[in-house]
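Colleague: can't give you the sequence, but here's the structure:
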DNA sequence: TGAAATGTTGGGGCG
DNA sequence: ACGCCCCAACATTTC
């Protein structure tokens, strides 16, 4: 009897999952496999993302059950799994672009070729395949705007070909799982609820029904996105869709589709930033660990452990910075505007290399995504493609005046700022700014 | 998807 | 009416 294997990596969904949909059309017996394995030593799944992953796995298993399928979770390297396993006549999966996963995918493909097992690879995680986009000189784009325009021009083709095939509707009532349900999942590679109260509290900020979330956002808030997205105090100023996208619980095709219906162009533009981040990671894989460009290599970084800890704990004495860091710790998420502010502060005021911030975000964000995280930090540092120049230094007070004028966001996360029991700034911004510029000049 | 420093302009007060 | 100064408002340059 012929058997097909759907190898799940970062797409925990039934809807718009090309590999899975293809398998469902084959009228074969289907195995759905997820290999839980740290493929990149530098970037092992972070603590908050682990919590999210468990939720995603549970809900996905539930969804699969509705199609009479079982999610098999393997605690092993997929390369070893496919090396051993001999019962499939076809293996299908969706492309991933993290360097370690590209490597993994190549090795698996080699094994399958040697064994003469048919395999099919789909583009399911990104709107555009980064291998297919080049500028007129045949080089990868290094500036966002031309890349963005190029993508917009390609949407027509995309709608014609891929979309019709992909936009399938299944109903799911995904919910936040309790710790005991997570325990029952018994994922060995994942540390057990090391801190249940942190985990429960963090997940209390979230609802796992991503479909409802994106529908609601596109119907009510997406049109106001351009005007509201920079104000962290506004609850529906942004979609908060990032962790669902990271784990593929919602597809970029679905988001594009919903956003297009209401002409939410700025929202689509941000979705293209995600494409650009992935594209950049694919073409410049070293950038996940080092400066993409060497323009800052002579800067002598401070990387002071005590300062870093104050930053991590939200005790810098700068309310907008501390609010962001505390929102991150509590919810596993931080507003984008505030990510830029805390990033600028860590790099330019505290003189810490961006990788220090990237590691902390990696461990604490539920949406921790290697491409987006890398691009964000290199952008703030000024060492990446189309990055903000190093001398562009955010002034935390001016940023507050502009984007949290009533200090509602600060009141929410740093209530003691209002009552006076609040630490003094760990560094004087004016001094720090001049110091950073002097170092750059050197 | 900055901010500060520096330059320019033009109106009003005033001798 | 005129020149001079001040300075706000805006523009440009610089880091």
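Modeller: Happy to help now that I have it. Bear in mind the structure is a predicted one, so any value in this text is a computation, not a measurement. Residues are numbered from 1 along each chain as shown, chains lettered A, B, ... in the order given.

Colleague: from here on, just use CA atoms for contacts and neighbour counts.
Modeller: Noted.

Colleague: any idea how chain A splits into domains?
Modeller: A:3-124, A:149-174+A:209-283, A:294-441 (automatic domain parsing).

Colleague: what about the second one, near DNA strand B?
Modeller: Same thing as domain A:149-174+A:209-283. Yes - counting by C-alpha under 7 Å from any atom of the strand, DNA strand B is contacted by domain A:149-174+A:209-283 at A:270, A:273.

Colleague: quick one: which of the domains of chain A is nearest residue A:135?
Modeller: For the domains of chain A, proximity to residue A:135 was assessed by C-alpha to C-alpha; domain A:149-174+A:209-283 is nearest, at 8.5 Å.

Colleague: in which helix or strand does residue A:30 reside?
Modeller: Assessed by DSSP states H and E, residue A:30 sits inside strand A:29-35.

Colleague: number of nearby residues for whichever residue of the stretch 1-150 of chain A sits closest to DNA strand B?
Modeller: For the stretch 1-150 of chain A, the residue closest to DNA strand B is residue A:144, as judged by C-alpha to the nearest atom of the strand, at 7.5 Å. Look at residue A:144: counted by other C-alpha atoms under 10 Å, it has 16 neighbours.

Colleague: residue A:113 now?
Modeller: A count of nearby residues for residue A:113, using other C-alpha under 10 Å, gives 12.

Colleague: isn't there a helix covering it?
Modeller: Yes - the assignment for residue A:113 is a helix, going by DSSP: H, G, I helix; E, B strand; the rest coil.

Colleague: residue contacts, it?
Modeller: Residue A:113 makes no contacts at all, as judged by C-alpha atoms under 8 Å, 6 or more residues apart in numbering.

Colleague: ends of stretch A:409-427, how far apart?
Modeller: Distance across stretch A:409-427, first residue to last, is 22 Å (C-alpha to C-alpha, to the nearest Å).

Colleague: now do that stretch, average pLDDT.
Modeller: Averaging pLDDT along stretch A:409-427 yields 96.

Colleague: buried set for that stretch?
Modeller: Judged by neighbour count (16 or more other C-alpha atoms under 10 Å), stretch A:409-427 contains these buried residues: A:409, A:410, A:411, A:413, A:414, A:415, A:417, A:422.

Colleague: between these, which sits nearest residue A:176?
Modeller: Set against residue A:176, the nearest of those by C-alpha to C-alpha is residue A:413 (23.6 Å).

Colleague: next up, phi/psi of the closest one, please.
Modeller: phi -100, psi -20 (degrees, to the nearest 10).

Colleague: let me see the mean pLDDT of the strand holding residue A:30.
Modeller: pLDDT averaged over strand A:29-35 gives 97.

Colleague: low-confidence ranges, chain A, go.
Modeller: Applying pLDDT under 70 to chain A flags the ranges A:1, A:159-169, A:171-172, A:187-194.

Colleague: related to what we said a few turns ago, show me which of the buried residues of stretch A:409-427 neighbour DNA strand C.
Modeller: Counting by C-alpha under 7 Å from any atom of the strand, no member of those is near DNA strand C.

Colleague: what pairs with the strand holding residue A:30, parallel or antiparallel?
Modeller: Its sheet considered, strand A:29-35 pairs with strand A:3-8 (parallel), strand A:71-74 (parallel) by DSSP bridges.

Colleague: can you redo those strands as a markdown table with mean neighbour count and distance to DNA strand C?
Modeller: Converted to a markdown table, these look like this (neighbours: other C-alpha atoms under 10 Å; distance: least, C-alpha to the nearest atom of the strand, whole Å):
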| stretch | mean neighbour count | distance to DNA strand C |
| --- | --- | --- |
| strand A:3-8 | 21 | 46 |
| strand A:71-74 | 16 | 52 |
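
Colleague: what residues are up against the nearest residue to residue A:288 once chain neighbours are set aside?
Modeller: Nearest non-adjacent residue to residue A:288, counting by C-alpha to C-alpha, 6 or more residues apart in numbering: residue A:374, 5.7 Å away. Shown in contact with residue A:374 (C-alpha under 8 Å, 6+ apart): A:277, A:287, A:288, A:358.

Colleague: following the helix or strand where the first one lies in sequence, what is the next regular element?
Modeller: Under DSSP H and E, the secondary-structure element containing residue A:277 is helix A:265-283. The element immediately downstream of helix A:265-283 (helix or strand, assigned by DSSP H and E) is helix A:305-313.

Colleague: returning to what we had before: how about the domains of chain A, which one is nearest residue A:203?
Modeller: Using C-alpha to C-alpha, the domains of chain A put domain A:294-441 closest to residue A:203, at 7.3 Å.

Colleague: span of that closest one from start to end?
Modeller: Counting by C-alpha to C-alpha, the terminal residues of domain A:294-441 are separated by 15 Å.

Colleague: get me the contact residues on the stretch 301-442 of chain A for DNA strand B.
Modeller: A:337, A:391, A:392, A:393, A:394, A:395, A:396, A:398, A:399, A:430.

Colleague: in the stretch 51-200 of chain A, which residue sits nearest DNA strand C?
Modeller: residue A:143 (18.1 Å).

Colleague: for the stretch 251-400 of chain A, same thing?
Modeller: residue A:391 (5.1 Å).

Colleague: element containing that residue?
Modeller: Residue A:391 belongs to no helix or strand, assigned by DSSP H and E.

Colleague: please state the backbone phi and psi of it?
Modeller: Torsion angles, degrees, to the nearest 10, at residue A:391: phi -70, psi 0.

Colleague: for it, give its distance to residue A:13.
Modeller: Using C-alpha to C-alpha, we find residue A:391 at a distance of 43 Å from residue A:13.
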